[in-house]
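any chance you can model this:
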Amino acid sequence: MAAEYRDILFETPETAIAQVTLNRPAHLNAYTGRMCSDLVAALQEYVERDDLRCLIVTGAGRGFCSGGDVSGEDPDRPDYRAKQLGYAHEMRIGMHKVVLALHHIDKPVIAMINGAAVAGGLTLALACDLRISADTAKLGDTSGKFGLLPDEGGAWFFPRLMGLDRALKMSLLSEVYSAAQAFELGLVTEVVPAAALKARTFELARAMAKKAPLAVRLAKSMMRHGLSASLEHSLNDAALSVMIANPSEDVREGVSAFFAKREPEFRGR
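Next comes the predicted model:
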């Protein structure tokens, strides 16, 4: 039975495709502790369901995610800050869990950036595999405006995608960029007209969902591991991974479909 969610929507709009929508539009989908718990549970549901092969993450209304909620209007928020190390504990059981869950998922995740993705909202998008942005979206790190830090994972993601100098400039000056600028900086994968955002994102999701699930998951894991591994370790990872992929029914189906000049039907085994 699917979990019950309050601050997000979890849907399966098409066969093999899931969509998670951050659902606090009045707050530009600023995240709360409850939203983080919902996201972790939804990501686990996606991982455990073999019928789902691609996940889209987006926001309700005119924003993707504006970072952590600083309005003070989170009724479910325990008073962690009254305790020693409470701020760290709050992060570790909240957005840190979300970012780590996204980072470790071995199935595709696409961020459909419909509006502002700033501070922790930008980090959330960067933790996804692909980021398709509306041309009207704004992206950047506004945490410094409040005297806050890129503490949701931004300090790890930003310099890796932008280079250290550009990451420092963005965070230390609290810069926010247009979608076109964000593309040039390496923060988004594609920029499309806002009216075409959903169509393009689903086009990519459908294409990924049709690929061989074993190969997709192993390829993603190999590339993730390879970012922090030596060439020798990466090649060893590849050698072990082919022991799973090459003997699979999917490979036999792929070869058979190629010679028969038809589309393969991969089943993930």
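
so which strand or helix has Arg217?
Arg217 belongs to helix 213-226 when assigned by DSSP states H and E.

residues in contact with that helix?
50, 53, 103, 106-108, 129, 208, 233-234, 237-238, 241, 244-245, 248, 250-251, 266-269 (C-beta atoms under 8 Å, 6 or more residues apart in numbering). In short, each C-beta sits where N, CA and C put it, glycine included.

pLDDT of it, averaged?
Mean pLDDT, helix 213-226: 93.

over to the spatially closest residue to Val192 that is not a sequence neighbour: give its phi and psi.
Nearest residue to Val192, sequence neighbours excluded (C-beta to C-beta, 6 or more residues apart in numbering): Arg200, at 4.8 Å. With angles defined as degrees, to the nearest 10, Arg200 sits at phi -70, psi -40.

would you map the strands across the stretch 101-250 of the chain?
Ranges of strands within the stretch 101-250 of the chain are 109-113, 116-118, 130-134, 138-140, 176-178, 190-192, based on DSSP state E, counting those that start in this stretch.

and the last one, which strands flank it?
Yep, that's strand 190-192 we're talking about. strand 130-134 (parallel) (DSSP bridges).

what does the first one give?
Strand 109-113 has the following sheet partners, assigned by DSSP bridges: strand 54-59 (parallel), strand 130-134 (parallel).

I'd like those laid out as a markdown table, including mean pLDDT, distance to Gly120 and mean neighbour count.
What follows is those, written out as a markdown table (pLDDT from 0 to 100; distance: least, C-beta to C-beta, whole Å; neighbours: other C-beta atoms under 10 Å):
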| stretch | mean pLDDT | distance to Gly120 | mean neighbour count |
| --- | --- | --- | --- |
| strand 54-59 | 98 | 13 | 26 |
| strand 130-134 | 98 | 15 | 26 |
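
quick revisit: and the pLDDT for the residue nearest to Val192?
With respect to pLDDT, Arg200 has a value of 98.

now do the contacts for it.
The neighbourhood of Arg200, defined by C-beta under 8 Å, 6+ apart, consists of Ile132, Glu190, Val192.
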